[in-house]
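Asks: quick one: sequence plus predicted model below, questions after.
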Amino acid sequence: MRLIARYLQPPICEFKDRKERRGGDERYRGLRIDGPYDGGRVPPDPKILFVFPNEFRSYANQIYHELRTGNNQFPGMAAMFGVNMTPEQVARTAKFTVKGMSRGGAAKAYSRAIEESLKMDGSADIALVLCEKTLYQEIPSPYYASKTTLAAHGIPSQIVTVDLLNNPNQLTWAAANIGLQIFVKLGGQPWFVKPSPGGGDIIVGIGRSERRNGRGDITRYVGYTTAYTSGGVFRSVEVFTPHESFQDYLDGFQASVAQALRRTLGDATQPLRLVLHVPKKFSRKERERLEAALREVEVGERIAGYVVLRVNDEHPFHLFDLSHKSMAPLSGLSVELDSKNRLLLLEGRPTAGNMRRSPPAPLWVTLQASSITDTNLDALVQQIYELSVANWRGFNAKARPITTYYSKLIANILSASEGNEIVEAISSSNTLRDVPWFI
C-alpha cells in the first residue's frame with residue numbers, strides 16, 4: 001500500500017504593524033521585538049484582584065514583582081504588552097487560610113473569600129489566583145472553585161500554582177506565558193496567523209461535556225461552540241444550558257451555532273465559508289440542526305457553504321521518518337489515507353537542535369460533511385496546521401489546533417461546575433463571551 005505524504009507550508013504570524021515571522025517557533029521573539037498584533041481593547045491600567053490564603057503571601061509578592069519588573073527572559077507586562085501593574089491597581093481578597101484543610105474545604109474557602117471581596121470592593125478586570133497544583137480530574141479543588149466562582153461573576157482569572165513559584169528556573173520561562181495569558185484574557189490579540197487560500201473564513205469548534213453517575217449513565221449534557229476567524233483570532237464562546245437528554249442538547253446546539261454565526265458574520269459583504277471542527281462523529285441529526293441554524297440566521301449569500309471536519313487525536317496511527325536518526329518527522333507532515341482522511345503531524349522534530357521528547361501522535365482529520373462542491377481537503381488541513389500556532393495559551397503551544405484544544409479546556413471547567421451559574425454568566429457577560437477566559 002502506497003500513501004502520499006507532503007510537508008505543508010509553515011504558518012506565518014503577524015505582529016504589530018503587520019510585521020511577519022515565518023513558523024510557529026518565532027512567536028515569542030516576534031512579540032518581544034515587534035509588539036502585539038492588537039492591544040486596543042486592553043485597559044492600560046486594569047484592576048487586578050489577587051486571590052491567595054495568608055500562607056501564600058510571599059508567593060503573591062513574588063509573582064507580582066515577576067510580572068511587573070520581569071526577569072532576564074521576560075521584560076515585564078508594561079514593556080512587552082503595554083499593561084501596567086502598579087500597587088494602586090491591585091486589590092487582595094479578604095484574608096483567609098487553608099492550612100490543615102482538605103481539598104474540598106480549601107475549595108470552599110477560596111470561593112467564600114472571592115464572594116466576600118466582590119461584595120465589598122466590586123468587580124475586577126481580571127483575578128490572579130495562587131493555589132496548590134491539582135490534577136484536572138480532582139474535584140472539588142481550589143483551582144476549579146476559583147475559576148468557576150470568578151467566571152460566575154463575569155471575571156476572567158489567571159491561575160498560578162505555588163509549585164511553579166517554588167521552581168525559580170521554571171518560573172523564569174513561565175512568567176512570559178503567564179503574562180501572555182493575562183494579556184489575552186484582558187482582550188488582547190498577541191499575534192495573527194496569516195491565512196492561506198482555500199480554507200474556511202469562519203471556523204467553529206463544537207464540543208460537549210458529559211456528566212455521568214456512579215453507574216456510568218449520562219446525567220447531563222453541556223455543549224459549547226467557539227468561533228474564530230481564518231487567522232485564528234478568537235471571536236466568541238457560546239455555552240448552552242445543561243440538558244438531561246440528547247434531544248434537548250440538539251436544541252441547544254442549534255441555538256448556539258446560530259448565535260455564533262450572528263456574532264461572527266457581522267457586516268460581511270462577501271460570501272464566507274463556514275468550517276466546523278468536531279471531536280466525535282457528526283451525526284445526521286446534528287447536520288440537520290446545523291442546516292436549520294443556517295436557515296434561522298438567514299445567512300443568504302453571506303455563507304458560501306459549510307464543511308464539517310472530525311479532528312481526532314485518539315487513534316492507533318504513528319508517523320516515522322526512517323531517514324533521520326530520531327525517526328521523528330518535521331512539523332507539518334500530512335499523509336493522505338484516502339480522499340476523505342488525512343493524518344497531520346503538528347509538532348515534529350525541530351529544524352535545529354535535538355528532540356527533547358517524543359513527538360505527539362498525529363491528528364486524524366476526516367471530512368464528515370460538506371455542502372461545497374469539490375471540497376479541497378488539503379487546504380483545510382493546511383488551515384488546521386495554521387490554527388495550531390494560533391494557540392494563545394503559550395509561546396510554544398502547537399500540539400493541537402485551538403478549535404479542539406480550547407474545547408478540552410472548556411470541558412474540564414464545565415465538568416467541575418455543579419450548577420448552571422457559570423453557563424448563565426458566560427451567556428450574559430460580554431467579557432467572558434468575547435475573550436478566551438478558559439485558557
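Replies: Looks like it arrived, so ask away.
Asks: what segments of the stretch 301-439 of the chain are strands?
Replies: Here the stretch 301-439 of the chain has its strands, by DSSP state E, counting those that start in this stretch, at 303-312, 333-338, 341-345, 363-370.
Asks: and those strands as TSV, adding mean neighbour count?
Replies: Just so you know, the C-beta spots here come from the backbone N, C-alpha and C atoms, and that holds for glycine as well. Converted to TSV, the strands of the stretch 301-439 of the chain look like this (neighbours: other CB atoms under 10 Å):
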stretch	mean neighbour count
strand 303-312	20
strand 333-338	17
strand 341-345	22
strand 363-370	20
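Asks: measure the residue sitting furthest away from the middle of the chain to residue 364 for me?
Replies: Of all residues in the chain, residue 1 sits farthest from the chain's C-alpha centroid, using CA atoms, centre = their mean; the distance is 37.8 Å. From residue 1 across to residue 364, the span is 17 Å (CB to CB, to the nearest Å).
Asks: same question, residue 230
Replies: From residue 230 over to residue 364 (counting by CB to CB), the distance is 22 Å.
Asks: cool, residue 292 as well?
Replies: For residue 292 relative to residue 364 (CB to CB), the value is 28 Å.
Asks: could I get the pLDDT score of the closest residue to residue 406 other than its chain neighbours?
Replies: Leaving aside its chain neighbours, residue 406 sits nearest to residue 226 (5.5 Å; criterion: CB to CB, 6 or more residues apart in numbering). On pLDDT, residue 226 comes in at 90.
Asks: tell me which element residue 226 is part of?
Replies: Applying DSSP states H and E as the criterion places residue 226 in strand 218-229.
Asks: list the contacts for the residue lying closest to residue 321 once chain neighbours are set aside?
Replies: Once flanking residues are discounted, residue 321 sits nearest to residue 329: 4.2 Å by CB to CB, 6+ apart. Neighbour list for residue 329: 319, 320, 321, 345, 348, 349, 359 [criterion: CB atoms under 8 Å, 6 or more residues apart in numbering].
Asks: model confidence score at the residue nearest to residue 265 when sequence neighbours are not counted, please.
Replies: Nearest in space to residue 265, with sequence neighbours left out and distances taken as CB to CB, 6+ apart, is residue 302 at 5.7 Å. Model confidence at residue 302, given as pLDDT, is 77.
Asks: can I assume residue 302 is in contact with residue 272?
Replies: Yes: contact criterion CB atoms under 8 Å: residue 302 and residue 272 qualify, at 6.2 Å.
Asks: where do the contact lists of those two overlap?
Replies: Joint contacts of residue 302 and residue 272 (CB under 8 Å, 6+ apart) are residue 265.
Asks: now do the contacts for the residue farthest from the centre of the chain.
Replies: Applying CB under 8 Å, 6+ apart, no residues contact residue 1.
Asks: now do the one 4 residues further on
Replies: Neighbour list for residue 5: 333, 334, 335, 336 [criterion: CB under 8 Å, 6+ apart].
Asks: change it to 6 Å
Replies: Contacts for residue 5 (CB atoms under 6 Å, 6 or more residues apart in numbering) come out as residue 335.
Asks: that one - that's part of a strand, no?
Replies: Yes: looking at residue 5 with DSSP: H, G, I helix; E, B strand; the rest coil, it is inside a strand.
Asks: the domain parsing of the chain - what is it?
Replies: Following automatic domain parsing, one gets these domains for the chain: 39-188, 192-428.
Asks: save those as CSV, and put in distance to residue 439 too.
Replies: Shown next, in CSV, are those (distance: least, CB to CB, whole Å):
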stretch, distance to residue 439
domain 39-188, 6
domain 192-428, 4
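Asks: those domains: lowest mean pLDDT?
Replies: Among the domains of the chain, domain 192-428 carries the lowest mean pLDDT, at a mean of 84.
Asks: start and end of it, how far apart?
Replies: By CA to CA, to the nearest Å, the extent of domain 192-428 from end to end equals 27 Å.
Asks: what does stretch 258-271 give?
Replies: In stretch 258-271, first residue to last residue: 17 Å (CA to CA).
Asks: quick one: buried residues of it?
Replies: Neighbour counts over stretch 258-271 (16 or more other CB atoms under 10 Å) mark 258, 259, 260, 261, 262, 264, 265 as buried.
Asks: between those residues, which is closest to residue 429?
Replies: Taking CB to CB as the measure, residue 429 lies nearest residue 259 of the buried residues of stretch 258-271, at 14.1 Å.
Asks: I'd say that closest one and residue 237 touch.
Replies: No: contact criterion CB atoms under 6 Å: residue 259 and residue 237 do not qualify, at 10.4 Å.
Asks: before we move on, back to that, closest to residue 29 out of the domains of the chain?
Replies: Residue 29 lies closest to domain 192-428 among these, at 9.0 Å (CB to CB).
Asks: and residue 33, which of the three is it?
Replies: helix.
Asks: ranges for the helices of the protein?
Replies: Taking DSSP state H, the helices of the chain run over residues 27-34, 57-69, 77-81, 103-121, 142-152, 162-165, 168-185, 246-265, 284-297, 377-388, 402-415, 421-428, 430-434.
Asks: make a PyMOL selection of the buried ones in the contacts of residue 329.
Replies: Buried members of those, defined by 16+ other CB under 10 Å, are picked up in PyMOL with:
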select buried, resi 319+321+345+348+349+359
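Asks: what about residue 173, distance to residue 336?
Replies: Taking CB to CB, one finds residue 173 at 38 Å from residue 336.
Asks: ignore what I typed, I meant residue 308.
Replies: 19 Å.
Asks: also residue 437?
Replies: 38 Å.
Asks: residue 221 pairs with what?
Replies: Taking DSSP bridges as the rule, residue 221 bridges to residue 210, residue 243.
Asks: quick one: it and residue 243 touch, right?
Replies: Yes: judged on CB under 6 Å, residue 221 makes contact with residue 243 at a distance of 5.1 Å.
Asks: of these two, who's got more company?
Replies: Higher neighbour count among residue 221 and residue 243: residue 221, with 22 against 18, using other CB atoms under 10 Å.
Asks: give me the number of residues near residue 60?
Replies: 20.
Asks: show me what contacts it?
Replies: 50, 52, 130.
Asks: how many residues are close by the closest residue to the second one other than its chain neighbours?
Replies: Spatially, and ignoring its direct neighbours in sequence, residue 52 is nearest to residue 130 (3.9 Å; CB to CB, 6+ apart). Residue 130 is surrounded by 24 other residues when neighbours are defined as other CB under 10 Å.
Asks: just grab the bridge partners of residue 130 for me.
Replies: residue 160.
Asks: that one touches residue 56, doesn't it?
Replies: Yes: counting by CB under 6 Å, residue 130 does reach residue 56; the two are 4.8 Å apart.
Asks: roughly how far apart are residue 154 and residue 320?
Replies: Shown here: residue 154 relative to residue 320, a distance of 48 Å by CB to CB.
Asks: again, but for residue 97
Replies: Taken as CB to CB, the span from residue 97 to residue 320 is 53 Å.
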